[in-house]
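S.K.: how would this look folded up:
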Amino acid sequence: MNRLFLLGQARLTGPSESSLRRASQQRRLALLALIASSPGETISRDRALGLLWPDRDEHTARHLLADSVYVLRRALGDQVIIASGETLRLSTSTLWTDIVQFRNSIAEGRWSDALDLYHGDFLDGFFVRNAGDFEQWAMAERVRLRGLAVRAASRLTLLHRTNGNTADAMAAAERALELEPADETLFRSLIDLLVTAGNTVRAEAVARLFVEGLAELGVAPSAGTARLLRDLKASRGSEPIVFVAPREGKHLQRRRREIDSVTAGIILQGRHHWQQRTRASLERAIIYFNRAIERDKRAVEAWTGLADTWAVMGGRGYAPRDHAIERAVASAERALALDDTRSSAHTSMGGVNIIRQRWAESEAALRRAIELDPLNGAAHHWLSLTLLTGLGARAEAMREQAIAASLNPISPIHFSALGWQGYLLGDYGLSRTSMEPAVDLSSDLEEGVSGLARAAARLGDETTVRAAISTGLNRRNDLRGDLLAEQASAFAVLGDKRHARELARRASRYAAMPINLALAWASVGETNRAFDQLERESFQVYWAPHAVWWDPRFDSIRDDARFARVEDRAARAWSPEWK
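M.R.: Here you go, the predicted model:
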């Protein structure tokens with residue numbers, strides 16, 4: 001059988017090496033790596049095109065992809081890549097792949113098998129020209145897989161130690177430290193094993209090498225490691241293991257390394273677009289963050305910006321959630337690997353865990369971000385969303401969102417989120433006074449203009465309702481249906497249900513979101529139409545479950561037996577712990 005190796009040097013091997021030459025061309029190997037590394041060994045054609053041929057027009061890129069698939073099938077077998085519609089799947093029964101075997105070994109807890117397969121970093125030394133996004137993906141995958149290998153070595157160490165196999169435990173611990181040579185926890189575990197086994201000579205040699213490695217990085221050992229080294233020296237009565245303290249400020253410079261002013265400016269431009277929260281602005285933000293990363297692959301704030309943008313894309317339904325999660329996780333993990341003392345890196349991981357619906361992990365990451373920087377408005381904002389959606393702590397969520405808005409008074413999303421929570425709690429005055437600055441800061445933000453109209457209607461202010469919707473229609477014609485649905489709800493609240501029904505019918509013609517149409521029809525008393533729309537709703541957009549759980553526009557239909565099923569579907573979509 002032909003074999004594909006991706007852990008270490010990328011290569012194809014098989015019974016007939018000469019027949020594999022064309023298949024071993026860099027971009028074709030990259031295609032195999034992409035498919036083999038994807039969940040279910042399946043990838044969409046669009047994703048392959050975007051990563052491998054980003055500089056080509058769609059027609060040319062699709063031709064090159066088809067040609068690569070043809071060459072790979074000729075070399076590896078007709079069934080090696082199975083095409084189904086817009087997806088490509090790798091047949092693991094036709095092509096043995098180390099990455100698939102490694103992944104299966106990890107999932108099944110076969111730690112020794114996993115380590116036997118891990119011959120080196122993923123795609124080590126591999127490069128594809130003019131494919132910056134592929135390089136970014138490969139880099140993130142490299143970090144993730146090395147982390148899995150470290151986990152396997154650590155679990156194997158524990159397993160052997162528990163079973164009394166000290167020699168095997170020491171070998172596994174050495175492998176773990178080899179993979180992460182600056183990890184003090186792994187180092188202390190190995191030293192403890194060596195000392196327990198009476199091998200203090202080896203322990204001292206390992207300690208000296210470890211300390212020298214830290215010194216090269218400009219890092220002093222932690223207090224726990226320093227104490228362990230003193231105890232080791234005392235037990236041997238040998239010369240002390242000297243650890244060189246970094247020059248003043250050197251550690252800080254490594255962890256808070258400067259980036260050039262051009263890269264910093266590009267990151268700021270990306271953040272500006274990220275704050276606007278429209279699909280177009282987020283797509284622009286991705287371009288800016290990628291451009292910053294191309295200039296400096298160690299720019300932590302560029303990686304956090306990229307992670308945050310993909311998290312928002314997934315949470316707003318602007319990108320398939322699985323794809324957005326994959327990109328966001330990879331970028332957040334890269335940021336943490338570069339500098340885990342950055343508040344922004346923990347904020348990014350917290351945001352990622354919101355769309356992964358890992359609420360406890362999200363809360364922990366965001367509280368850590370706030371501990372590192374109490375003035376981090378984004379961390380307070382996402383902690384508020386975690387508390388609201390995942391934990392049902394509405395009062396605490398409101399407090400965190402108020403803090404976020406006060407810390408970042410130029411963020412339209414922080415004000416609109418505060419206004420939304422005020423509305424859901426029935427504080428329509430607060431909702432209005434929060435939505436007004438959101439609209440003033442960005443009239444392109446749908447939540448701002450819709451939220452202002454919603455709050456104004458509850459306060460009986462038809463003039464502001466009309467002005468807010470008019471502003472939205474002038475700026476966002478792409479959201480015409482949703483804005484008309486919002487106007488329909490507002491006029492129903494104001495008592496003009498005849499006009500509201502006409503607006504709801506118009507909104508339907510402009511393909512408004514089902515949840516917005518459902519709110520409109522429920523507001524005018526058209527219960528069956530409201531449930532028809534709710535049946536069509538996927539609840540993928542972050543605020544949709546809030547509307548189901550707390551929006552007063554649904555109060556008229558909450559006692560209908562069908563609404564319990566709607567609540568159940570919303571809960572399944574977001575898996576809140578409080579539900």
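
S.K.: can you give me the helices in the stretch 251-400 of the chain?
M.R.: Ranges of helices in the stretch 251-400 of the chain, per DSSP state H, counting those that start in this stretch, are 261-276, 279-295, 300-315, 321-338, 343-355, 359-372, 377-385, 394-407.

S.K.: neighbours of the closest residue to Ser362 other than its chain neighbours, just the number please.
M.R.: Residue nearest to Ser362 in three dimensions, not counting chain neighbours: Asn353, with 3.6 Å by Cβ to Cβ, 6 or more residues apart in numbering. Where C-beta positions appear, they are placed from N, C-alpha and C, glycine not excepted. By other Cβ atoms under 10 Å, 26 other residues sit near Asn353.

S.K.: for Ala171, same thing?
M.R.: Neighbours of Ala171 under the rule other Cβ under 10 Å: 16.

S.K.: contacting residues for the residue nearest to Ser362?
M.R.: By Cβ atoms under 8 Å, 6 or more residues apart in numbering, the contact list for Asn353 reads Trp359, Glu361, Ser362, Ala365.

S.K.: from the residues you listed, which two are the most distant?
M.R.: For the contacts of Asn353, the farthest-apart pair by Cβ to Cβ is Trp359 and Ala365; their separation is 10.8 Å.

S.K.: returning to what we had before: now the helices of the stretch 251-400 of the chain in CSV, with mean pLDDT and distance to Ala173?
M.R.: Formatted as CSV, the helices of the stretch 251-400 of the chain follow (pLDDT from 0 to 100; distance: least, Cβ to Cβ, whole Å):
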stretch, mean pLDDT, distance to Ala173
helix 261-276, 87, 39
helix 279-295, 89, 34
helix 300-315, 95, 30
helix 321-338, 92, 21
helix 343-355, 96, 27
helix 359-372, 95, 27
helix 377-385, 96, 35
helix 394-407, 94, 42
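
S.K.: these into JSON lines, with extra columns for distance to His414?
M.R.: Output for the helices of the stretch 251-400 of the chain, formatted as JSON lines (distance: least, Cβ to Cβ, whole Å):
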{"stretch": "helix 261-276", "distance to His414": "9"}
{"stretch": "helix 279-295", "distance to His414": "16"}
{"stretch": "helix 300-315", "distance to His414": "13"}
{"stretch": "helix 321-338", "distance to His414": "20"}
{"stretch": "helix 343-355", "distance to His414": "14"}
{"stretch": "helix 359-372", "distance to His414": "15"}
{"stretch": "helix 377-385", "distance to His414": "6"}
{"stretch": "helix 394-407", "distance to His414": "4"}
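
S.K.: quick one: which of these is nearest His499?
M.R.: Closest approach to His499 among the helices of the stretch 251-400 of the chain is made by helix 279-295 (30.0 Å; Cβ to Cβ).

S.K.: what angle sits between that closest one and helix 321-338?
M.R.: Comparing the axes of helix 279-295 and helix 321-338 via axes from the mean of the first three to the mean of the last three Cα atoms, to 10 degrees yields an angle of 40 degrees.

S.K.: helices or strands next to helix 279-295 in the packing?
M.R.: Packing contacts for helix 279-295, counted by 3 or more Cβ pairs under 8 Å, 6 or more residues apart in numbering; DSSP states H and E, involve helix 132-162, helix 261-276, helix 300-315.

S.K.: so which bits of the first one are buried?
M.R.: Same thing as helix 132-162. For helix 132-162, burial by neighbour count (16 or more other Cβ atoms under 10 Å) applies to 132-146, 148-150, 152-157, 159-161.

S.K.: all set, thanks.
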